[in-house]
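Student: predicted coordinates and the sequence they were generated for:
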Amino acid sequence: MDLYRMNFWQILLAGGAVMWPIILCSILALAIVLERLRYFKAIKSDTQQFLGGILEQIKRHQIKEALQLCDKTSHPMAHILKAGILKYDRPRSQIKEVMEDAYLYAIPKLEKNLPALATIAHICPLLGFLGTATGMVRCFQAISIKAASLNTIAMADLSAGIWEALLTTVAGLVVAIPAYAAYNYLVSQVNNTILEMEKASAELINFLAE
């Protein structure tokens, strides 16, 4: 069989049962990546301009307007700043405490489904190695059957097991490599967003504490 002339269904059948969980992992990984990319695109905004607008309204004692601006902004920073603004007349320690509590709700939203994506990136090569093992078992089983019947062992008898071993290994790596790359990219987006939130929070706390 020529791999480049085989269709998807033929490759799936040649790869054996282990190909099914690998395909399922690829679908889940793609869904997670697309959902996370869409999320980060939706919350993307000019954080410095947003923070500047908040501070300007607080300077004018327009607390209600500052809170409304937070409500209109999809960035998770808005939720944290709103928590601080609601305590604008309290001591610095109380403002900092409520904003730290707000982080407990904001960060899980940023990291949603990323552990699942990391798991997929790690288990797909293992599934490929499992397919390699099952393929080799098929090879040795064919050898055992032929030897028991005193028949000559031909390469055709081993081809199915070899195909299974190689295809599952390739499939596992094909899914794992982009999944791992996407995971690292998304983690960098999370870290950058958290850094932006920390800077904005510090500026707001210092401003309110003056």
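Tutor: Nice, I can see it. It should be emphasised that the depicted structure is a prediction, and the values quoted were computed from it without experimental measurement.
Student: okay but residue 205 is in contact with residue 98, surely?
Tutor: No. With contacts counted by C-beta atoms under 8 Å, residue 205 stays clear of residue 98, the gap being 10.4 Å. Where C-beta positions appear, they are placed from N, C-alpha and C, glycine not excepted.
Student: find the residues that touch each one of the two.
Tutor: residue 84 (C-beta atoms under 8 Å, 6 or more residues apart in numbering).
Student: lowest-scoring secondary structure element of the protein by mean pLDDT?
Tutor: In the chain, no helix or strand scores lower on mean pLDDT, DSSP states H and E than helix 8-15, which sits at a mean of 66.
Student: and the very next helix or strand once past that helix, what does it pack against?
Tutor: Note on helix 8-15: by DSSP states H and E, the next helix or strand toward the C-terminus is helix 19-43. The helices and strands touching helix 19-43, judged by 3 or more C-beta pairs under 8 Å, 6 or more residues apart in numbering; DSSP states H and E, are helix 8-15, helix 114-148, helix 155-209.
Student: closest one to residue 89 among those helices?
Tutor: Closest to residue 89 of the helices and strands packed on helix 19-43, according to C-beta to C-beta: helix 155-209, at 8.6 Å.
Student: quick one: mean pLDDT over that closest one.
Tutor: Regarding helix 155-209, the rounded mean pLDDT is 85.
Student: good, wrapping up.
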